[in-house]
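Trainee: Requesting a structural model of the entry that follows:
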Amino acid sequence: REKEGGGEGGGGGEGQRRKGGGRKGRRGGNAVAAGARGGGGQWRRQRWRRGSGGGGEPAAEETGEGSSGVDDFYARYGPRSSAGDKATGAGGKTAGSSRETSRQSSVEGGGGWTRGSLHRRTSTVFVNDTEVDFSPVYRCLHIYNVLGVGAEFEQYYKENRRLQAGLMLSPSMAQADGDLSGQSFAGYQEHLNEILGFFVVEVTVLHTTQGLLTRGTVDELWEMVHAANVKAFLQVQAASCTDAKVLAEVKDFMVVFCFTMQSYGYAVTRLVELLADFRAHFHNVLCQQWEQRFDACFADDPFQALYFATVAERDADTLLAAFPRTEPWPEDGEEPIAYEFSSAVPRVYHEVKEFIRATLDFVGSFNNLSPTEIDATLRSSTEQLLSRTLRAAFTRLLRNPGLTMAQAAQVAVNIKHLAVAVESLNGHISRFTHTVQHDKFISRNVFGDARAQAEQRIFAIVKAKVDDFLGVAEVDWTPGKARGESAEYLTEMLGYLSAACAGLSVLSQDLCNRAYQEAYAYIGAHLLDDLLLPGSGSGSGGGGGKLAHRRHV
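Mentor: Residues are numbered from 1 along each chain as shown. Down below sits the predicted model:
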């Protein structure tokens, strides 16, 4: 290239070339062009068509005022894509014809690319359907190589990218500054997107240039950033979150994040391991959320057996329609229709199925889990929900001091039907995962002694009422003659037991019989203890005494 009137401008061009390459390679071409026309004079250029021996002859000559011939230099030797055909140089001229000449010359003359030049003849790269223009970097890289100082640009590029990576290190990622919410996660998500974009650009530059970057350099940057930011985010921020919905959003984003980074060749093994631990945290948070749901089911329960006047009324109950048949079950077509359990039973069963669905939505997107592993995870999580969370909800309900005997009896019946119904959850899970799992089977024993706790609460209520009757009883162990009738307190106590146990017999005859046995055994123990106390009629030979009031433990 030759310039007229550009002696002073030529010097400016050399200085601007160095300066243009030092701005992260983003404005190198414009800087050089500005220096080339620093003298403000005219310029003229000749295109040379190379022959097989590397020589050639002038092909054309152009002149112009105030425009740079450097742009044509880029057009000939710098890479351009189809989108670049529409791009203009620093002086506003279209570089299409010059580019075609360059491609032909490269083929005819056997010219190749030097160290640090491009594999591809393109400056616009599509990254995940997003058009990214890498021409500033490519231009600076080519200019520096032409000047013979390519190593200087390589070192400068690496240092600046390391500094930019350091700016992405956010201390807030490793600080537990409160519960992670959807709004705060949006900020973290934006920061993680910036990290992902940074390394997508790096690996693209790595694969489209020679010598500018190495795989080790890029991996070193990734190790620094992901250890300080991404891992810290999962270990601190996400691990302290107690919102299942937000955790699901975090998981979905991190799965895509890891998949994307892995597709670009970055190591994400430790992140995947953290996500595996993340599943256990999500399960605990989900159980806490369902604990509140179970409490709400029991709080709204009228503790009365379900009753429908007509079949149409029963069919309108969608929760009951999805509940499996348990014994005893009303005959089809009968009206009115009565069930043993209350409305809380189909509602709790529905909540358990919703828990399974929420767990499946969370673990189903993990690519490293097989269908069998997902099936085992669902069964294990569901069994823990039933044996711990639901059982604990029953325990809190039964410890309510305001719970009556009829309500406690209804709870015992509800537990019996739920214990049978949960076995159908095995088929429900298998339909989700399309597997048959035999080594992990949810059985009716999952509630443990929950029903026994309900029965003990019934017996405790009966004994407490018996204590009330016996506490006011006056017994004369040595009467002068028989009264011919039972004491008033006994009549009242037996009347209470008859009515209470009759109500139990409607729900369960076995429960009614056991309540009678517990009550009579308790009364007999009371009478015997009072008779054998010092000072009673049998021990002192006279005098009535008040029955000792025993506190039930």
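
Trainee: Quick check on His434: phi, psi?
Mentor: phi 60, psi 40 (degrees, to the nearest 10).

Trainee: show me where the stretch 451-553 of the chain has helices.
Mentor: Remark: helices assigned in the stretch 451-553 of the chain by DSSP state H, counting those that start in this stretch are 488-507, 509-532, 537-540.

Trainee: now for the first one, which elements pack on it?
Mentor: Meaning helix 488-507. On a contact count with 3 or more Cβ pairs under 8 Å, 6 or more residues apart in numbering; DSSP states H and E, helix 488-507 meets helix 405-421, helix 450-471, helix 509-532. In this view, the C-beta of every residue, glycine as well, is placed from N, C-alpha and C.

Trainee: of all those, which lies closest to Val352?
Mentor: Closest approach to Val352 among the helices and strands packed on helix 488-507 (Cβ to Cβ): helix 405-421, 8.9 Å.

Trainee: still on that earlier bit, can I get the helices of the stretch 451-553 of the chain in JSON lines with distance to Ala406?
Mentor: Below are the helices of the stretch 451-553 of the chain laid out as JSON lines (distance: least, Cβ to Cβ, whole Å):
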{"stretch": "helix 488-507", "distance to Ala406": "6"}
{"stretch": "helix 509-532", "distance to Ala406": "12"}
{"stretch": "helix 537-540", "distance to Ala406": "38"}
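
Trainee: quick one: which of those helices has the weakest pLDDT on average?
Mentor: Note on the helices of the stretch 451-553 of the chain: helix 537-540 shows the lowest mean pLDDT, a mean of 42.

Trainee: Low-confidence regions, the stretch 251-400 of the chain specifically.
Mentor: 367 (pLDDT under 70).

Trainee: quick one: the strands in it?
Mentor: Per DSSP state E, counting those that start in this stretch, the stretch 251-400 of the chain carries strands over the ranges 307-308, 337-338.

Trainee: Quick check: Gly364 vs Tyr522, distance?
Mentor: 54 Å (Cβ to Cβ, to the nearest Å).

Trainee: do Thr242 as well
Mentor: 46 Å.

Trainee: got it, and Glu159?
Mentor: 86 Å.

Trainee: what comes up buried for the helix or strand hosting Ile429?
Mentor: According to DSSP states H and E, Ile429 maps onto helix 425-433. Within helix 425-433, the residues that count as buried by 16 or more other Cβ atoms under 10 Å are 425-426, 428-429, 432-433.

Trainee: try stretch 230-250
Mentor: Buried-residue list, stretch 230-250, by 16+ other Cβ under 10 Å: 230-238, 241, 243-244, 246-250.

Trainee: what do you get for stretch 337-347?
Mentor: 337, 339-347.

Trainee: Show me which of these is closest to Val285.
Mentor: For the buried residues of stretch 337-347, the nearest to Val285 is Arg347 (21.9 Å; Cβ to Cβ).

Trainee: got the contact list for the closest residue in space to that closest one that isn't next to it in sequence?
Mentor: Closest residue to Arg347 apart from its sequence neighbours, by Cβ to Cβ, 6 or more residues apart in numbering: Cys297 at 4.9 Å. With contact set as Cβ atoms under 8 Å, 6 or more residues apart in numbering, Cys297 has these partners: 344, 347-348, 351.

Trainee: so of those, which ones are in helices?
Mentor: Among those, the ones falling in helices (DSSP state H) are 344, 347-348, 351.

Trainee: can you put those residues in a markdown table and add distance to Trp329?
Mentor: A markdown table is the format used below for those (distance: Cβ to Cβ, whole Å):
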| residue | distance to Trp329 |
| --- | --- |
| Ala344 | 18 |
| Arg347 | 18 |
| Val348 | 18 |
| Glu351 | 22 |
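
Trainee: Check the gap between the residue nearest to Arg347 and Asn414 for me.
Mentor: Applying Cβ to Cβ to Cys297 and Asn414 gives a distance of 10 Å.

Trainee: Find the residues that touch each one of those two.
Mentor: Common neighbours of Cys297 and Asn414 (Cβ under 8 Å, 6+ apart) are Ala344.

Trainee: what's Ala412 in contact with, if anything?
Mentor: 451, 454-455, 458, 507-508, 511.

Trainee: export the strands of the stretch 251-400 of the chain to a markdown table and tack on distance to Ala321?
Mentor: Below are the strands of the stretch 251-400 of the chain laid out as a markdown table (distance: least, Cβ to Cβ, whole Å):
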| stretch | distance to Ala321 |
| --- | --- |
| strand 307-308 | 12 |
| strand 337-338 | 13 |
